[in-house]
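Let's see this in three dimensions:
(one chain, ligands or ions: 1)
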Amino acid sequence: KKHSFWESQPVKQFSEEQNSETVEEGPVQVNQDAKGVRETGYALPGGYEWCDCDISSAEGAEEVYTLLSENYVEDDDNMFRFNYSSHFLSWALQPPGFKPFWHVGVRVIKSKKLVAFISAIPAKIRVGKNSPKGKDGVSMVEINFLCVHKKLRTKRLAPVLIREITRRVNLFDIWQASYTAGVIIPTPLATCRYFHRSLNPKKLIEVGFSKLGKRMTLSRTIKLHKLPQKTSTPGLRRMSKEDAPQVLELLNAYLAQFDLACLFQSVDEVEHWFLPRENVIYTYVVDAGEGKDGKRKITDIMSFYSLPSTIIGNEHHKELRAAFSYYNIANTASLKSLMEDALICARDENFDVFNALDIMQNAEFMKDLKFGIGDGHLQYYLYNWKVKKALTPQQVGLVLL
Ligand SMILES: COc1cccc(CC(=N)NC(=O)c2cccnc2OC2CCNCC2)c1
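This next block holds a predicted model:
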């Protein structure tokens with residue numbers, strides 16, 4: 001039966017009433033403790049075994065890279081497949097407080113081949129701006145990179161992976177999780193749309209990512225998407241380590257307005273999530289010059305991450321280079337001009353397209369900056385946490401990689 005697994009899980013069921021008056025915000029299951037959690041891994045089909053993937057080693061990261069590169073999420077027309085780099089996975093999976101125990105793999109016992117994966121990283125997530133429980137943040141995990149090898153898709157491995165990562169997280173007295181998916185399962189917290197801004201329209205049309213507009217020629221399309229040579233925000237520069245304390249403050253102050261957001265808890269966390277890494281994360285700050293205390297004054301931040309896609313079966317172009325909007329805070333510049341600078345920086349880093357969800361204030365600049373709407377939705381979910389009312393995309397302040 002459809003959703004037989006998710007009907008067994010502590011998530012809001014489709015059948016539950018939407019009426020927001022009676023619904024009590026908070027955990028679906030309460031008063032659990034780590035002592036009551038199974039101490040052994042869940043049963044796998046014969047011939048398969050659990051493993052902890054060691055992402056800190058080049059081989060370990062490479063192994064997960066290869067599994068995802070060949071078997072992870074594709075677009076609805078199976079023309080593109082996400083191709084997270086091994087350096088990206090190293091970054092995404094090893095923030096302060098990470099555990100190799102939460103980088104769960106499934107191997108073929110005989111060959112040791114990695115055929116499935118799921119991951120959790122710790123995060124302090126705030127749900128609801130003024131809900132008493134959620135205000136100071138709930139210790140959760142962010143679940144990502146659930147992947148089963150294409151050849152094992154009929155073995156119902158995904159529910160086992162989800163139960164196992166839940167067990168391994170519960171052992172550390174954490175009972176909530178946040179995750180996103182393109183599919184609808186019980187029950188979306190928010191339904192977001194994605195938008196794309198062409199940076200290299202010729203290539204996007206050649207590979208079938210974009211279509212020529214009606215009554216449009218290629219040269220007209222290229223001209224329409226042309227961007228200024230230079231960025232316009234005075235003081236815009238790459239983020240450096242010294243900026244982290246101010247970035248921490250800017251982020252937590254900015255994110256307080258959203259009903260779903262993470263709380264950055266330390267300078268270490270901000271250094272991890274924002275210091276630039278080639279082909280992984282690009283962060284720029286607006287440095288308004290020296291304040292009275294002789295320190296640089298950081299007023300705005302702009303950031304995007306690199307998530308290329310394999311172009312399936314195209315001999316001319318192997319890869320679609322895509323930049324994904326991360327966190328952007330415009331205090332001096334307008335958000336529109338700051339994001340136009342993001343497009344210019346992404347173009348200069350040789351990205352073909354700039355993607356953004358309609359979360360936070362992103363919908364404010366999409367039209368003017370010539371973003372086009374994508375063909376799918378990204379659903380946000382919470383595990384074991386009920387909310388009175390689903391969120392609008394504008395209330396979402398959480399970016400999952
Ligand atoms: C163009 O290549 C693609 C390859 C695989 C999937 C998709 C469509 C898609 N599913 N896109 C998104 O989920 C998406 C679109 C815009 C911004 N963020 C996104 O997802 C992020 C966040 C969730 N984890 C994947 C990356 C496109």
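
buried residues in stretch 394-401?
Applying a neighbour-count criterion of 16 or more other Cβ atoms under 10 Å, one finds 394-399, 401 buried in stretch 394-401. Any C-beta I mention is one placed from the backbone N, CA and C, and that applies to glycine too.

Residue 155: which of the residues you listed is nearest?
Ranked by distance to residue 155 (Cβ to Cβ), the buried residues of stretch 394-401 are led by residue 401 at 26.9 Å.

How about the stretch 201-350 of the chain: which residue is closest to the ligand?
Taking Cβ to the nearest ligand atom, the ligand has its nearest neighbour within the stretch 201-350 of the chain at residue 309, 3.7 Å off.

beta partners of that residue?
As for beta bridges, residue 309 partners with residue 82, residue 320 under DSSP bridges.

got the contact list for it?
75, 80-83, 319-320, 322 (Cβ atoms under 8 Å, 6 or more residues apart in numbering).

do that again at 7 Å, thanks
Contacts for residue 309 (Cβ atoms under 7 Å, 6 or more residues apart in numbering) come out as 80-83, 319-320, 322.

Need the phi and psi values for the nearest residue to residue 387 once chain neighbours are set aside.
The shortest distance from residue 387 to any non-neighbouring residue, by Cβ to Cβ, 6 or more residues apart in numbering, is to residue 25 (5.6 Å). Phi and psi for residue 25, reported as degrees, to the nearest 10, are phi -70, psi 140.

What's the per-residue pLDDT of residue 25 here?
Reported pLDDT at residue 25 in the predicted model: 89.

Would you mind naming what in the stretch 51-200 of the chain lies close to the ligand?
Taking Cβ under 6 Å from any ligand atom as the contact definition, the stretch 51-200 of the chain meets the ligand at 73-75, 80-82, 180, 182, 194.

rerun that using 5 Å as the cut-off
With Cβ under 5 Å from any ligand atom as the criterion, the stretch 51-200 of the chain comes near the ligand at residues 73, 75, 80, 82, 180, 182, 194.

Need the buried ones from these selected in PyMOL.
The following PyMOL line selects those of these that are buried, judged by 16+ other Cβ under 10 Å:
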select buried, resi 75+80+82+180+194
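
The residues of the stretch 51-200 of the chain next to the ligand: which two are farthest apart?
Counting by Cβ to Cβ, the most remote pair of these is 80 and 180, 17.6 Å apart.

Give the closest residue to residue 342 in space, chain neighbours not counted.
For residue 342, ignoring the flanking residues on the chain, the nearest one in space by Cβ to Cβ, 6+ apart is residue 302 at 5.1 Å.

so for the helix or strand encompassing the one you found, what's the average pLDDT?
Secondary structure from DSSP states H and E places residue 302 in strand 296-306. Strand 296-306 carries an average pLDDT of 97.

what does that strand contact?
With Cβ under 7 Å, 6+ apart as the contact definition, strand 296-306 has outside contacts at 88, 243, 246-247, 250, 274, 279-291, 323-333, 338, 341-342, 346, 354, 401.

helix/strand/coil for the residue in the stretch 151-300 of the chain positioned nearest to the ligand?
The nearest approach of the stretch 151-300 of the chain to the ligand comes at residue 194, 3.3 Å away (Cβ to the nearest ligand atom). What DSSP: H, G, I helix; E, B strand; the rest coil gives for residue 194 is strand.

Would you agree it is in contact with residue 378?
Yes: contact criterion Cβ atoms under 7 Å: residue 194 and residue 378 qualify, at 6.0 Å.

re the thing from before, show only the entries of the buried residues of stretch 394-401 found in strands.
Counting by DSSP state E, these place 396-397 in strands.

and which of the buried residues of stretch 394-401 is nearest the ligand?
residue 401 (6.2 Å).

just checking, the closest one touches residue 95?
No: the pair residue 401 and residue 95 does not pass the contact test of Cβ under 7 Å, sitting 10.6 Å apart.

Flag the shaky bits of the stretch 101-250 of the chain, pLDDT-wise.
The stretch 101-250 of the chain contains residues with pLDDT under 70 at 131-134.

All the strands of it, residue numbers only.
Ranges of strands within the stretch 101-250 of the chain are 103-108, 114-127, 138-148, 176-181, 190-198, 236-238, based on DSSP state E, counting those that start in this stretch.

ok, and what's touching the shortest one?
Right, the one you point to is strand 236-238. With contacts defined as Cβ under 7 Å, 6+ apart, strand 236-238 is touched by 276, 284-287, 341.

Next, work out how far apart the residue nearest to residue 342 and residue 331 are.
Going from residue 302 to residue 331 by Cβ to Cβ, to the nearest Å gives 11 Å.

So the two - more neighbours on which side?
The residue with more neighbours, out of residue 302 and residue 331, is residue 302; 26 against 15, by other Cβ atoms under 10 Å.

Quick check: residues of the stretch 251-400 of the chain near the ligand?
Contact residues, the stretch 251-400 of the chain versus the ligand (Cβ under 5 Å from any ligand atom): 309, 355, 378.

ok, so what distance separates residue 261 from residue 322?
Counting by Cβ to Cβ, the gap from residue 261 to residue 322 is 24 Å.

just to revisit the earlier point, so of the contacts of strand 296-306, which ones are in helices?
Using DSSP state H to define helices, the subset of the contacts of strand 296-306 located there is 88, 246-247, 250, 274, 338, 341-342, 346.

what's the farthest-apart pair in those residues?
88 and 246 (25.7 Å).

Now do the contacts for the closest residue to residue 378 other than its chain neighbours.
Spatial nearest neighbour of residue 378, chain neighbours left out: residue 192 (4.7 Å); criterion: Cβ to Cβ, 6+ apart. Contacts for residue 192 (Cβ under 7 Å, 6+ apart) come out as 357-359, 377-378, 380, 393, 396.
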